[in-house]
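Novice: heads up, no residue letters with this:
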C-alpha cells in the first residue's frame, strides 16, 4: 500500500513537472505577430523627428502660416533614426502607421484656421512621387528594411477620396476626375459620398467607370521630370492585367499599390473611407493583395511571415457597438465585407471612462463573437479628434493601462506615451493636436520619464503576449481585480494573468486555472518572480498592478 502511495506521489510529481515544462515550451515559442492585437504607433511624419535638416524647405514653401500649420522638418530619416535607436522596441511597438508621404501641393491655402501647407500629407498633388520634405525613395527603402529588421510592420496612409486644394501653383484636376461641389451634408449615403468634404478640396469621382485621360498638369510634370514614358508604360500594363476601365479610382489604386510591390509595406490605413463607395475599397484590397504577393515573390528572404496585407479604415463615427455595420441613415454598409481587416473605433475614448471589467469583457465578447476574424483600432487621442480621452494629459497612466490592456489593436498616437501637450495656445482647429514630438521632455523631465516607463512596460508585455490584445478575456476575481487572457493559434498557446488596482507592497492574487501549482512566474511590470501555490501567487512590489507570465 505504501509502495502504491509512493508510486502515485512520484507519478503526480512527474505529471506536474511535465505540465510545467509543456507550459514553458509553449511560452518559449516565438510569439506570432497578430494584427488584431498589434501595438500600432501613429505619427505625423512632419512632426515626429527631423533626421535631415537639409530637406526642410522645398517648392518655396516659405510663406508665414498659422501656428503649427507649416512644415516643421520631420521626415523619413527621422523615423528610421528612432527605429535604429530602439525607441519603438522599448515601447513595445510592432507596427507604425505614418501620415501620407506622397508629394503635396506646392503652395498653401487657408481653410479658415490660418494659412496652411500640406505638412500632414493629405493634400496630394502627385500620388506617384514622394514629397521631398519627407525624403527620398532611398530613405523610404531604408526605413522599411530597418523596421522589418526590428519586427516592425509599416502601414501607409492612403488617400483616394480627394486631391489637394486648388492654389495659384496647383491647378484643379479635370472635371472628369473631380467634382468641386456640392459640399457633404452627411444626411444620407449619397450626400456623404458624392460631395466635397470642405470647400476647395476637390472630390475624386470614385463612382465613375468612365475612361479618362491623365490630367494635363500631371503629364507636363512627369515630362519635365523625365519619367512620362515609364509611368505610361506601367499604367498600360496595369490596365491590361486588371481589365479595369481607365477611371479615376483605378489610376489611384494603381499608384498607391505600387508602394507595396516596390517597398514591401505591410498595410494601409484608408483615409475618409466612408466618403467613398464601399466597392472601391474591395477593389483596392484586391490590388493590395496582388502587390503584396508580388513583393513577397520578388523578395523571399525579406518576408516576415505569412500574414496577409492589412487594411484598416477611417469610417468616421464607426463604433464597435455597431458591430459589422456603419449606418448612414438610409443605408447600412459592412466595410469588413469590402476589404477591411479592421476599422478605427471612434467609441473607445468614451468607453475608456468605464471600469476595467466592463470595458475589457465587452470588447472581448464583441471581438470574439460578432466581429470574430476582424478587428478594431482603439485610440485615446488622434490627429483630428477634438475630444480625446485625456486632452489635458492628466490621466496618462490610466490612458496607457486602458488602451494597452483592452482587447483589440492599440493605436498609440505619438506623444501619448510622453504626455505631449494637446492644448497649444494660439492654434486653431486640429493644429493643437499636432505639435512636434516632445523629445526634450523625454530626455530631461522626470515626470515624463515616469509616464514613458509605464507605457513601455505595458507595451512590451502586450507585444510579447498576443493574448493581451487578441485573446479571450476572463475575470478571475472581482476583489482583488484579476483577469486572464488566453490566445491560441495553431499549436501556439499564450496565457497571462493581470491584476489591477491592487495594494502596493505584498499582495496575493488568484491565478485561476492559467498556471499550474509549482509553476514559476514573473511579474513583467516589477520584474519580481514567484511560484504558484494553491492557485495563488504572492508578489511584493511597490506597484499596484501585476503582469504575470510564465518565467522563461
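Specialist: Nice, thanks for sending it over. Given the structure is predicted, the values throughout are model-derived calculations rather than measurements.

Novice: CA atoms for contacts and neighbours, from now on please.
Specialist: Will do.

Novice: Buried ones in stretch 218-238, by neighbour count?
Specialist: Neighbour-count burial for stretch 218-238, with 16 or more other CA atoms under 10 Å as criterion, is recorded at 219, 222, 235, 238.

Novice: Low-confidence bits of the stretch 451-552 of the chain, can you list those?
Specialist: For the stretch 451-552 of the chain, not a single residue meets the criterion pLDDT under 70.

Novice: And the strands in it, which stretches?
Specialist: All strands of the stretch 451-552 of the chain, identified by DSSP state E, counting those that start in this stretch, fall at 472-477, 481-489, 492-500, 505-510, 520-523, 529-531, 536-541, 546-550.

Novice: what would the buried residues of stretch 218-238 look like in a markdown table with distance to residue 258, pLDDT and secondary structure?
Specialist: A markdown table is the format used below for the buried residues of stretch 218-238 (distance: CA to CA, whole Å; pLDDT from 0 to 100; DSSP: H, G, I helix; E, B strand; the rest coil):
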| residue | distance to residue 258 | pLDDT | secondary structure |
| --- | --- | --- | --- |
| 219 | 18 | 98 | helix |
| 222 | 17 | 98 | helix |
| 235 | 11 | 98 | helix |
| 238 | 10 | 98 | helix |
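
Novice: any idea how far the residue found closest to residue 32 once you drop the neighbours it is linked to in the chain is from residue 487?
Specialist: Using CA to CA, 6 or more residues apart in numbering and skipping residues adjacent in sequence, the residue nearest residue 32 is residue 466, 7.4 Å away. The gap separating residue 466 from residue 487 is 7 Å, by CA to CA, to the nearest Å.

Novice: Give the intersection of the neighbour lists for these two.
Specialist: residue 494 (CA atoms under 8 Å, 6 or more residues apart in numbering).

Novice: what about those two, which has more around it?
Specialist: Just comparing residue 466 and residue 487: by other CA atoms under 10 Å the higher neighbour count belongs to residue 466, 28 against 18.

Novice: list the contacts for residue 152?
Specialist: Residue 152 neighbours (CA under 8 Å, 6+ apart): 93-96.

Novice: repeat for residue 360
Specialist: 405-407, 473.

Novice: Same check on residue 73?
Specialist: 46-47, 49-50, 52-53, 55-56, 133.

Novice: at 10 Å what do you get?
Specialist: Contacts for residue 73 (CA atoms under 10 Å, 6 or more residues apart in numbering) come out as 45-57, 119, 133-134, 436.

Novice: So which of those sit within helices?
Specialist: Judged by DSSP state H, the contacts of residue 73 include 45-48 as members of helices.

Novice: Take these and write them to JSON lines, including distance to residue 392.
Specialist: What follows is the ones in helices among the contacts of residue 73, written out as JSON lines (distance: CA to CA, whole Å):
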{"residue": "45", "distance to residue 392": "23"}
{"residue": "46", "distance to residue 392": "23"}
{"residue": "47", "distance to residue 392": "19"}
{"residue": "48", "distance to residue 392": "20"}
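
Novice: Most neighbours of all the residues you listed, which one?
Specialist: In the ones in helices among the contacts of residue 73, the most neighbours by other CA under 10 Å go to residue 46, 30 neighbours.

Novice: What sits closest to it if chain neighbours are left out?
Specialist: residue 74 (3.7 Å).

Novice: Low-confidence ranges, this protein, go.
Specialist: Checking the chain against pLDDT under 70 turns up 1-29.

Novice: what's the span of stretch 113-125, first residue to last?
Specialist: Start-to-end, stretch 113-125 (CA to CA) is 21 Å.

Novice: Keep only those of the contacts of residue 360 that are in helices.
Specialist: Among the contacts of residue 360, the ones falling in helices (DSSP H) are residue 405.

Novice: of the contacts of residue 360, closest to residue 446?
Specialist: residue 405 (24.6 Å; CA to CA).

Novice: Could you give the number of residues near the closest one?
Specialist: By other CA under 10 Å, the residues close to residue 405 number 24.

Novice: Does it touch residue 459 like I think?
Specialist: Yes - taking contacts as CA atoms under 10 Å, residue 405 lies within contact range of residue 459: 9.0 Å.

Novice: Return the most buried member of the strands of the stretch 451-552 of the chain.
Specialist: Scoring these by mean neighbour count under mean count of other CA atoms under 10 Å gives strand 546-550 as the most buried, with a mean of 24.

Novice: That strand to strand 481-489, inter-axis angle?
Specialist: With axes from the mean of the first three to the mean of the last three CA atoms, to 10 degrees as the basis, strand 546-550 and strand 481-489 are set at 40 degrees to each other.

Novice: Counting by contacts, list what strand 546-550 packs against.
Specialist: helix 2-28, helix 446-464, strand 481-489, strand 492-500, strand 520-523, strand 529-531, strand 536-541 (3 or more CA pairs under 10 Å, 6 or more residues apart in numbering; DSSP states H and E).

Novice: 8 Å - rerun?
Specialist: Counting contacts by 3 or more CA pairs under 8 Å, 6 or more residues apart in numbering; DSSP states H and E, strand 546-550 is packed against helix 2-28, strand 492-500, strand 520-523.

Novice: got a list of what residue 142 touches?
Specialist: Per CA under 8 Å, 6+ apart, neighbours of residue 142: residue 80.

Novice: The residue lying closest to residue 134 once chain neighbours are set aside: neighbouring residues, count only.
Specialist: Spatial nearest neighbour of residue 134, excluding adjacent residues (CA to CA, 6+ apart): residue 75 at 4.3 Å. Residue 75 has 29 neighbouring residues, counting by other CA under 10 Å.

Novice: picking that back up, could the strands of the stretch 451-552 of the chain be laid out in JSON lines, adding distance to residue 155?
Specialist: Listed next are the strands of the stretch 451-552 of the chain as JSON lines, based on distance: least, CA to CA, whole Å:
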{"stretch": "strand 472-477", "distance to residue 155": "26"}
{"stretch": "strand 481-489", "distance to residue 155": "24"}
{"stretch": "strand 492-500", "distance to residue 155": "26"}
{"stretch": "strand 505-510", "distance to residue 155": "39"}
{"stretch": "strand 520-523", "distance to residue 155": "32"}
{"stretch": "strand 529-531", "distance to residue 155": "37"}
{"stretch": "strand 536-541", "distance to residue 155": "38"}
{"stretch": "strand 546-550", "distance to residue 155": "29"}
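
Novice: Residue 253: which of those is closest?
Specialist: strand 481-489 (32.8 Å).

Novice: picking that back up, right, so of the strands of the stretch 451-552 of the chain, which gets closest to residue 398?
Specialist: Comparing these by CA to CA, strand 492-500 comes nearest, at 10.9 Å.

Novice: quick one: contacts of stretch 237-257?
Specialist: 127-128, 158, 160, 177, 204-206, 208-213, 235, 280, 284, 287-288, 291.

Novice: list the buried ones in that stretch?
Specialist: Residues 238, 245-257 are the ones in stretch 237-257 that count as buried (16+ other CA under 10 Å).
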